[in-house]
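Novice: let's see this in three dimensions:
(chains A and B)
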Amino acid sequence: MEFEAVIGLEVHAQLQTESKIFCACSAKFGAEPNGNTCPVCTGMPGVLPVLNRKAVECAVRTALATSCAVQRRSVFARKNYFYPDMPKAYQISQYELPLALRGHLDIEVGGATRRIGITRIHMEEDAGKLVHEGEFAGAQASLADLNRCSVPLMEIVSEPDLRTPEEGGSYLRTLRDILVYLEVCDGNMEEGSFRCDANVSVRPVGQAALGTKAELKNMNSFRNVERALEYEIRRQIEIVEDGGKVAQETRLWDAGAGVTVSMRRKEEAHDYRYFPDPDLLPLIVEEAWVEELKRTIPELPAAKVARLAARYGIPRYDAGILASSRALADFFEAASAAFPGSPKTTANECVHWKDAILAGRLAPETIAHAVSDREAGTISATASKKLVERVLETGRPFRTLRDEMGLTQLSDTSALDAIVDKVIASCPKEVESYRGGKAGLLSFFVGQVMKESRGKANPKVVQEVLRKKLE
Amino acid sequence: MAQAPIHEWTLLEAARKVREKEISSRELTAAILERIDRLDPKVNSYVTVLPERAASQAAACDEEQARGSLRGPLHGVPVGLKDIFCTRGVRTTCGSRILHNFDPPYDAAVAETVRAAGAVLLGKHNMDEFAMGSSTETSHFGPSRNPWDLSRIPGGSSGGTAAAVSAGMCFAGVGTDTGGSIRQPASLCGVVGMNQAGPVTRTVADAAALLGVIAGYDRRDSTCVDVPVPDYLAAASRPVAGLRVGLPKEYFEGGGLSPDVKKAVERALAGLTGQGATVVEVSLPHTSFALSTYYLIAPAEASSNLARYDGVRYGHRAEGASGVVEMMSRTRAEGFGAEVKRRVMIGTYALSAGYYEAFYGKAQKVRTLIRRDFDAAFSKADVLLTPTAPTPAFRLGEKTGDPLTMYLSDIFTIPCNLAGIPGISVPCGLSAEGLPIGAQLLSNHFREETLFSAAGAVERAIRLPRVAPVEG
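Specialist: Next comes the predicted model:
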């Protein structure tokens, strides 16, 4: 029997706000433990939450970029459970009435485009973390760091439309690229600002009913998500093939061992006792605000790839690399505007110097000068590379360095004539052999000319001059 | 004419006398502290008294005044706060063992506001544990007593506040009223109490003045509405001619209402009509559901609100537990009293999967019906007049064994809070046994001025002793 997997993903993305979702504390990563806390986010007696407008703005923009319907009225609810890193013993989240519903995302897998449904997007606060002193099992003490408490998150829940680990990976990458483009999330999986849980089940191909699902947690890279899905699908198919039943449970991905392990069964699942948070009024998103935010949605990655490829005549693959970062694509377009002559070379250069560009260490003019000088034959490819490196070291202008370092190529035939004549005169044997039919010797002469010119000669021009003189 | 003793002065009198330098804040504060010292061992209206802090605050007020500056309308006047309001550096217990050692590093908005108005903080008033109770008997710090009869309860949960104001152990107090926790004890102690923002005072004008100080927009409270604060004090002396007073018939039916209370409320009505108000009969048909609705919604929210008291970060923590789950369970088992545990369990049950719709969800729907009842009533009447509590103060221990009977003492105050409208209790008579009785006035949203006018009229019509005869 042939099986197919049914996968739905739940992504938690940290919203790029200065402050937390319900208080004025900084939401930045990496502060000293409990350095970013106040009475509100630590749930002290008598404190009340006040919603961060910027967080709502980020979530609404995400909803718009994924074609979701932004709900005019959404409601924050309390999700109640005891845990030492949850100071109020409830998490404020959206439940029955989330911020946005029914959107979709187009992903590309194997050259084909698939549309994946998005069920909902809702907002919530993050919890803190526990640090265990010593081995977990025999820990002497557990320390609570509440810095992450009330850091704003949005949860993006997909429909169970994904069928393969590859599609899962593509969905996540596509989604992350969009969030980063929107500047609503930094997309950093290692720091936990982009996290993913997966619901996975299997069923015989052709069967409409869904199999029993397992929820996978603890996957902290795209690669791990794909590996975990692969493992889990295989595990479930084996169970079903052996006549067993998949248990409804939550499983953790153990990246070291490459397996998923059971964390808790459905019977042990919490009763969260959700109810609308009486301390927060329903969130009303005015239509005018949504319209205003619509205008702030930038060109998204898929559209950008298509446009770059069409407008600059560069391969889709190159366009894809450039569009993987909004900053890189903008840089490429600025460099192309400064020198429109050879977009393909400009694209190659941008890809080559990607890290420096993204670090903000290169100006588009530098690349434009490098490309235009090369196209004009004024410098060699090697010299170009050397010069850009010097720009990075010194911060001085490309062309100033070019002139100072004397890296301009000799492309002027009259200047090359003398050198070529000298080389021909000093190698009578080789000249004879060449003329006798050993055409391969041409590169020897070119090498000699290059040597004589101390690398400055333009090899293309040298070849032409040599050919003429040796005939 | 002999001047009244200091503790009998109203809040406004005390403020005026300090302002006009008839008395220093130091003398005023010392006089009240002395009275607390003498009487509070009997009444137990304070969980915490702050003699040194109050004296130095008073001295600071005097010095500032000598330099020509007044902090605000309450400059130099000593007041108390219910021990539910966080006060920076002053133990704030909510009447619970679980917070017996909690010193908040911040002030509640109301603590900030009264301090900014110049008030001197005398201490923190006793209360039912986490405001759960109608008699102040659930306090971890022992029950407060009614200054009119020390064998009786002062009502609750703001019983300590009402008792302290009534006994002249502060010029005003601030309490909280989720289901009647200010109005019921105010009624039982013969003082004025208002559900909005919490004033407990001996006169209607004082309540208006204090509400004027503490009302206003608080950007730290998302449920707070930003509307201008009217001149409540002016409203308190406004005539009531033409005012339409609605009598909700449901509040006068049924067996629970004591004849003394009924008679006193009728006298309040006569006082109003005597000044030109007219009477209309109104109906609030969903009144009978209010109590059960309240006792689903309030415990549901409380079960969630109280979950933070787990011993992890502050407050009481159980000793010797192995592991975090045991520590949390034992902390809560030791830290909470019986009534709090009862409500946490009711609330947890009402919110649990499978019961939410039948209980909490349904209660919210009934709440909407109750609000609509009031909307309809206020289309006919400007203000509603009802008893505040069904009986005068009962005896200590009389109802502690029967929570449902205890809950019934809030039967008249609860519907108003479910509807979110303002209500005030004003003294309107004494029972045959000489116990105070209060009349409750209710108005539509943001119509506090109407309430103060009506309450002022009742007060003018019915003269009662200002201070409880606690000294015997």
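
Novice: what about A:Ala69, neighbour count?
Specialist: Other residues near A:Ala69 number 12, with proximity taken as other C-beta atoms under 10 Å in any protein chain shown. Bear in mind the C-beta positions are built from the backbone N, C-alpha and C, glycine included.

Novice: for it, give me its contacts.
Specialist: The neighbours of A:Ala69, taking C-beta atoms under 8 Å, 6 or more residues apart in numbering or on different chains as the test, are A:63, A:100-103.

Novice: among those, which ones lie close to chain B?
Specialist: With the criterion set as C-beta under 8 Å from any C-beta of the partner chain, no member of the contacts of A:Ala69 is near chain B.

Novice: find the nearest non-adjacent residue to the residue in the stretch 51-200 of chain A that chain B sits nearest to, please.
Specialist: Of all residues in the stretch 51-200 of chain A, A:Ala89 sits closest to chain B, with a separation of 3.3 Å (C-beta to the nearest C-beta). Distances taken as C-beta to C-beta, 6 or more residues apart in numbering or on different chains place B:Ala307 nearest to A:Ala89, at 3.3 Å, with adjacent residues excluded.

Novice: is it true that that neighbour lies in a strand?
Specialist: No. Membership of B:Ala307 in a strand is not supported by DSSP: H, G, I helix; E, B strand; the rest coil, which gives helix.

Novice: quick one: low-confidence parts of the chain?
Specialist: By default, I'm working from chain A. Across chain A, the ranges flagged by pLDDT under 70 are A:134-139, A:266-269, A:406-413.

Novice: wait, chain B was what I had in mind.
Specialist: Under the criterion pLDDT under 70, the flagged ranges of chain B are B:1-2, B:472.

Novice: for it, which residues are neighbours of chain A?
Specialist: B:84-86, B:92, B:94, B:99, B:102, B:104-106, B:108, B:219-223, B:300-301, B:303-304, B:307-308, B:310, B:312-314, B:324-325, B:328, B:348, B:351-353, B:356, B:360.

Novice: drop anything exposed from those residues.
Specialist: B:84-86, B:92, B:94, B:99, B:102, B:104, B:106, B:108, B:222, B:300-301, B:303-304, B:307-308, B:310, B:312, B:314, B:324, B:328, B:348, B:351-352, B:356, B:360 (16 or more other C-beta atoms under 10 Å in any protein chain shown).

Novice: now, which of those lie within helices?
Specialist: Counting by DSSP state H, the part of those found in helices is B:300-301, B:303-304, B:324, B:328, B:348, B:351.

Novice: list the contacts for the closest residue to chain A within the stretch 201-350 of chain B?
Specialist: Among all residues of the stretch 201-350 of chain B, B:Ala307 sits closest to chain A, at 3.3 Å; criterion: C-beta to the nearest C-beta. For B:Ala307, the set of contacting residues under the criterion of C-beta under 8 Å, 6+ apart consists of A:80, A:82, A:88-90.

Novice: distance-wise, check it relative to B:Trp9.
Specialist: B:Ala307 sits 44 Å away from B:Trp9, going by C-beta to C-beta, to the nearest Å.

Novice: one more: A:Ala55?
Specialist: Distance check for A:Ala55 against B:Trp9: by C-beta to C-beta, it reads 51 Å.

Novice: check B:Gly401 too.
Specialist: Using C-beta to C-beta, B:Gly401 is found at 41 Å from B:Trp9.

Novice: so between those two, which is more surrounded?
Specialist: Ranked by neighbour count (other C-beta under 10 Å), B:Gly401 and B:Trp9 place B:Trp9 first, with 24 against 8.

Novice: surely the more buried one is in contact with B:Lys17?
Specialist: Yes. Applying C-beta atoms under 8 Å as the test, B:Trp9 and B:Lys17 come out as touching, 7.1 Å apart.

Novice: still on that earlier bit, check contacts around the residue of the stretch 51-200 of chain A closest to chain B.
Specialist: The contact partners of A:Ala89, taken as C-beta under 8 Å, 6+ apart, are A:43, A:80-83, B:304, B:307-308, B:310.
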